[in-house]
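A.B. asks: Mind looking at a prediction? Sequence and model below.
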Amino acid sequence: MMNKIEIYDPAMCCSTGVCGPSVDPELTRLASAVYSLEKKGFDIKRFNLANEPAAFVENALVNQALVDKGPEALPMVLLNGEIVRVASYPTNDEFAQWFGITPEQLQEKPKVKQSIKFSI
């Protein structure tokens, strides 16, 4: 059976951490790891409190943790429906262990097309 990971993010304007005044390297690392895992067909999902509040209410464990601890409980990570991390993101080593791959396989970067304009 393939492991299933659900990541419940605090309210953010974007999942990569590059939308604010300073880039959060932890969010950039996480976005890269999640992207790599998705590309490999692994079951991993992220929910942002700002955009998908229903996901936080519908999951009884997540909802209860938020009632008990408040927004400080986020980010929260579930592995096969069980809470495995509260108030922090998994490391690449943890992702690798959960999915049976090497941490190096989580380094894929999303391919962004750059347009270059020349002026004469």
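C.D. replies: Nice, thanks for sending it over.
A.B. asks: all helices for this protein, in order.
C.D. replies: Assigned by DSSP state H, the helices in the chain fall at 25-39, 53-58, 60-69, 92-99.
A.B. asks: and residue 78, which of these is closest to it?
C.D. replies: Checking the helices of the chain against residue 78 by C-beta to C-beta gives helix 60-69 as the closest, at 6.9 Å. From N, CA and C alone the C-beta is placed, and that goes for glycine too.
A.B. asks: can you pull the buried residues of the closest one?
C.D. replies: By 16 or more other C-beta atoms under 10 Å, the buried positions in helix 60-69 come out as 62, 65, 66.
A.B. asks: Same question for stretch 80-92.
C.D. replies: Buried, per 16+ other C-beta under 10 Å, within stretch 80-92: 83, 89, 90, 92.
A.B. asks: Tell me which of those residues fall in strands.
C.D. replies: Of these, the ones assigned to strands by DSSP state E are residue 83.
A.B. asks: In TSV: the buried residues of stretch 80-92, plus distance to residue 43 and pLDDT.
C.D. replies: Below are those laid out as TSV (distance: C-beta to C-beta, whole Å; pLDDT from 0 to 100):
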residue	distance to residue 43	pLDDT
83	17	96
89	17	95
90	14	96
92	18	95
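A.B. asks: Among the buried residues of stretch 80-92, which one sits closest to residue 12?
C.D. replies: residue 89 (12.2 Å).
A.B. asks: how near is the nearest residue to that closest one once chain neighbours are set aside to residue 54?
C.D. replies: Distances taken as C-beta to C-beta, 6 or more residues apart in numbering place residue 30 nearest to residue 89, at 5.1 Å, with adjacent residues excluded. Distance of residue 30 to residue 54, computed by C-beta to C-beta, to the nearest Å: 22 Å.
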